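Asker: With the sequence up front, the predicted model follows.
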Amino acid sequence: MGAKYTIGTIASHSALQILKGAKEEGFNSLLIATPEREKFYRRFKLADDYLVVDNWKDVLSEKVQDELNQKNTIIIPHGSFVEYVGAKELLDFDVPMFGNKAVLEWESDRRKEREWFVKAGVGTPENFNDPSEIDRLTLVKYFGAKGGKGYALVENEEDFYRQFKEFDPEKMQMQEYILGTRSYPHFFYSPLDKENELVGIDLRYESNADGLPRIPTPHYMPPTYVVTGNIPIVLRESLLPRVFDMADSIIKTSKKLFNPGLIGPYSLEMVITDELKFYVFEISARIVGGTNAWIPGSPYTYLKYGENISMGRRIAMEIKRAVNENKLDEVII
Amino acid sequence: MGAKYTIGTIASHSALQILKGAKEEGFNSLLIATPEREKFYRRFKLADDYLVVDNWKDVLSEKVQDELNQKNTIIIPHGSFVEYVGAKELLDFDVPMFGNKAVLEWESDRRKEREWFVKAGVGTPENFNDPSEIDRLTLVKYFGAKGGKGYALVENEEDFYRQFKEFDPEKMQMQEYILGTRSYPHFFYSPLDKENELVGIDLRYESNADGLPRIPTPHYMPPTYVVTGNIPIVLRESLLPRVFDMADSIIKTSKKLFNPGLIGPYSLEMVITDELKFYVFEISARIVGGTNAWIPGSPYTYLKYGENISMGRRIAMEIKRAVNENKLDEVII
Amino acid sequence: MGAKYTIGTIASHSALQILKGAKEEGFNSLLIATPEREKFYRRFKLADDYLVVDNWKDVLSEKVQDELNQKNTIIIPHGSFVEYVGAKELLDFDVPMFGNKAVLEWESDRRKEREWFVKAGVGTPENFNDPSEIDRLTLVKYFGAKGGKGYALVENEEDFYRQFKEFDPEKMQMQEYILGTRSYPHFFYSPLDKENELVGIDLRYESNADGLPRIPTPHYMPPTYVVTGNIPIVLRESLLPRVFDMADSIIKTSKKLFNPGLIGPYSLEMVITDELKFYVFEISARIVGGTNAWIPGSPYTYLKYGENISMGRRIAMEIKRAVNENKLDEVII
């Protein structure tokens, strides 16, 4: 198996482990890259084929789609893939793509995302509908903000208008800031096994929020949250059953909201308070960058598999099994 | 060997790696679980047998003890094991348990713990006997507090009584707060090799102490120290000889205090100042949760063994050797 | 191959992985140790030979040099090696040493280091020539300060003179403090492959700068930056092409400044702002302690090699190839 299928992605985010995982599971690997990015990726010698485009939107061209289909390519969409090509545009992209495209709508609209959390019964921070409601530390997020860019912390209504010209409910979310430890568990939901797997956990390393504490108090300035890297962590083992319960509920609910629901990799972004309450503040319904912290494998994949399984490889394993069992239509929706 | 022995533990804390290590070294593995916990642990397929109890105290029942003994079980006690079942109750538990039970008394009483440190000559923070003595930042800890719950930082006597109704010397410890970097090296003392091994080092990730620095200064509130996870770290290599000297001294002293002394896994919880002085503020005389950060193995076990050795596996290796050399009475006291 | 060569280093810093890597690649391994250090290193059983000296300066004695040469030793210099023996003294050390000795001059003098950065076109913090110029948060560093000792943060001229008796331009550097996330990528430049490889990335864990944020604001005191350990991290994948561009430029420039330029392991110490600008504030032109966080291997070496490659092993791999291809004169300058 595998010889006739190609696993492809675009040159950013978590492409290295996606390519590596594809090779480890016996697939051809293909990278869509701009000329500047190509040089970097060639250093790792992980792609069998390079498809060079002048700009990312060209991914949508008929020529590129034809070439991908000729090579029997299954695309793995990661965060930058969606960002560079466009969530709406991806709906017309006529190349097999791992996962369920319907999830794009549910994670890119913060109100739908919130509906999903509430229906799943997972704890989530309070949302404010108008700046006048802000009565505690609140995080303002633009819809579709990527990599933490454009987040701002506000204290009250006055502070909101000091930082923003106006409130646009179509574009902004105002979310209560929960004090506690952040945690970004990476899950893989296998539609073939009908099971959630914990693949790793990380902590986002953000500029300047993670640099500010190291300078003297009098030099205080507002934190920003641009992701620059990731730190591998593990969670206290006695908390994991509850994390899995949330993940199970998220998947079960997703099947009701957009059948057959979320498929493959995702991450629940949460804060844990000192009373050990969990607040899920976001979901990334694709492979997240934090999985890079656990190449070649995490404690959790080692415990389950006894070998090196990154998220990239876990995806390739599922595709391989789907091919072998003639069930590709269960992993590509 | 191995076939006739079972390694067992209860479903929490570091049970996953204990079960995995048992399997890797050829033992049967057994998990004592409540029904809620059983579901989680079954996901990892690491236990050969499940012994389901309605509540943790049932571990002490004759029925459970009989079943464990019929299966030739050696219990690995971890922090939650002691917490759930009770330190005193464990003394009457009639199933072979890895390690020296006498250590329970020395680590659960903070005054005895301090005596141990002082006799071993390791640096330790100053202790105050009465709130009126508090003349610097001080951490108040309840005896037997688990997972950092119930710790509080106080500034002086007035602050103490603002946070606590009264001072109870039988239940509380007041320990000078040392400023520096925290470090939690995990050791394994092998009674068969008569040697200390460094198995890994972590940093506890605590709510809300590790979340507070990310919010603006004016929103300051008192830190709390509830452990939610662990971050893998390494120490500067030139500091390790001194860390080993402390570990050697702790073991040597333990042999005098409660012969044959501490056996197997333990952790010295310390702060390192910017003058590179070490202050040991606590000892955990069993496997600690921080070892989860270094499954399947740490830099230190790789350097020594050249393969994946977690603390769970290291324990199983010692039992296996004790069985083979007919020395179980040297590891089960 | 390998049998007739010995890889040696002195007992500190990153010696464990250097010895391990030497063994993994089939070399003899030798450790130069003081009697106190010998005990620690023997625990790991990684050195075939121990050369015990009473003090580090004895490394320069004819007797020691003769013994090293009789054993066909290639020395791997790490940070402590340079610190203990002396950068100037090393120039007269007549034992083959991996790398280009000329780099010592360029990294130990902060003005030359800055010239290197500027010529390479990498972003670097502003430098002040006189305390009167200090108009923002500024880090004062003594030339040759090791492990972060002796760094101080100053706010303005007045603060400078409060902390320092006088300004000595021959001994001090005043460097603008850049707010953002720190990052210490470890590179290996292979003169045989003519290629830069990313071997890992860490975060220095510094006392007391990384302990201060956990205490209440009113207890603020000036941060210090003594390295006590390292935390493994990964960088956002989309930032890596730019990190490699900087590394390529640093190597290219080094060939112009001190032909054949920098060879082997080095680290670019940088800050990333929330606008994703990079500021390189220092270069370590040897193996850095942060590589200890990624023994046995990092995500990046796994992606490239598919197995466990630490920096220590990567060095041994290069020497092995140089021996086999008769090109030792390209790696020992």
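Answerer: Received the coordinates, thanks.

Asker: Where does pLDDT dip in the stretch 51-200 of chain A?
Answerer: Counting by pLDDT under 70, the low-confidence segments of the stretch 51-200 of chain A come to A:144-145.

Asker: Output the set of residues of it in proximity to chain C.
Answerer: By CB under 8 Å from any CB of the partner chain, the residues of the stretch 51-200 of chain A that approach chain C are A:80, A:147. No exception for glycine: its C-beta is placed from N, CA and C like everyone else's.

Asker: Buried residues, the longest helix that chain A contains. List them.
Answerer: Determined from DSSP state H, the single longest helix within chain A is helix A:240-257. By neighbour count with 16 or more other CB atoms under 10 Å in any protein chain shown, helix A:240-257 contains the buried residues A:240-248, A:250-251, A:253-254, A:257.

Asker: For A:Lys171, which residues are in contact?
Answerer: A:142-143 (CB atoms under 8 Å, 6 or more residues apart in numbering or on different chains).

Asker: SS state for A:Thr124?
Answerer: coil (DSSP: H, G, I helix; E, B strand; the rest coil).

Asker: What is the burial count for it?
Answerer: By the criterion of other CB atoms under 10 Å in any protein chain shown, A:Thr124 has 21 neighbours.

Asker: do the same with A:Glu166
Answerer: Neighbourhood size, A:Glu166 [other CB under 10 Å]: 8.

Asker: Show me what the lengthiest strand in chain A pairs with in its sheet, parallel or antiparallel.
Answerer: The longest strand of chain A (DSSP state E) is strand A:195-208. Paired with strand A:195-208 in the same sheet, following DSSP bridges, are strand A:181-190 (antiparallel), strand A:225-232 (antiparallel).

Asker: Now do the buried residues in it.
Answerer: Buried, per 16+ other CB under 10 Å, within strand A:195-208: A:196-208.

Asker: cool, stretch A:309-325 as well?
Answerer: For stretch A:309-325, burial by neighbour count (16+ other CB under 10 Å) applies to A:309-323.

Asker: which ones among those residues are found in helices?
Answerer: Filtering the buried residues of stretch A:309-325 for helices - DSSP H - leaves A:311-323.

Asker: would TSV of these with pLDDT be doable?
Answerer: Shown next, in TSV, are these (pLDDT from 0 to 100):
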residue	pLDDT
A:Met311	98
A:Gly312	98
A:Arg313	98
A:Arg314	98
A:Ile315	98
A:Ala316	98
A:Met317	98
A:Glu318	98
A:Ile319	98
A:Lys320	98
A:Arg321	98
A:Ala322	98
A:Val323	97
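
Asker: would you turn those residues into a markdown table with distance to chain B?
Answerer: Output for these, formatted as a markdown table (distance: CB to the nearest CB, whole Å):
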| residue | distance to chain B |
| --- | --- |
| A:Met311 | 17 |
| A:Gly312 | 19 |
| A:Arg313 | 16 |
| A:Arg314 | 15 |
| A:Ile315 | 19 |
| A:Ala316 | 21 |
| A:Met317 | 16 |
| A:Glu318 | 17 |
| A:Ile319 | 22 |
| A:Lys320 | 20 |
| A:Arg321 | 17 |
| A:Ala322 | 21 |
| A:Val323 | 24 |
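
Asker: for those, which one is nearest chain C?
Answerer: Distances from chain C to these, taken as CB to the nearest CB, are shortest for A:Gly312 (9.6 Å).

Asker: In space, what's closest to A:Tyr177 - neighbours in sequence excluded?
Answerer: A:Leu137 (3.9 Å; CB to CB, 6 or more residues apart in numbering or on different chains).

Asker: What count of nearby residues applies to that neighbour?
Answerer: Residues near A:Leu137, counting by other CB under 10 Å: 17.

Asker: I figured it hits A:Gln175, correct?
Answerer: No: in this structure, A:Leu137 is not within contact of A:Gln175 by CB atoms under 8 Å, at 10.2 Å.

Asker: what's the closest non-adjacent residue to A:Tyr266?
Answerer: What sits nearest to A:Tyr266 in space, not counting adjacent residues and going by CB to CB, 6+ apart, is A:Ala285, at 4.8 Å.

Asker: May I have the predicted confidence score for that neighbour?
Answerer: You'll see A:Ala285 listed with a pLDDT of 95.

Asker: neighbours of it, just the number please.
Answerer: By other CB under 10 Å, the burial measure for A:Ala285, its neighbour count, is 26.

Asker: so who does it touch?
Answerer: The contact partners of A:Ala285, by CB under 8 Å, 6+ apart, come to A:99, A:103-104, A:106-107, A:262, A:266.

Asker: ok, the residues you listed vs chain B, which is closest?
Answerer: A:Tyr266 (16.8 Å).

Asker: Wasn't that closest one part of a helix?
Answerer: No: counting by three-state DSSP, A:Tyr266 falls outside a helix, being strand.

Asker: didn't it look like it was pressed against A:Phe187?
Answerer: Yes: using CB under 8 Å, A:Tyr266 makes contact with A:Phe187 at a distance of 5.6 Å.

Asker: In terms of pLDDT, where does the residue in the stretch 101-250 of chain A positioned nearest to chain C sit?
Answerer: Of all residues in the stretch 101-250 of chain A, the one sitting closest to chain C is A:Pro213 (3.6 Å; CB to the nearest CB). Per-residue confidence at A:Pro213 stands at 90 (pLDDT).

Asker: Pop the domain breakdown of chain A in here.
Answerer: Listed domain ranges for chain A are A:6-97, A:106-123+A:179-330, A:127-176 (source: automatic domain parsing).
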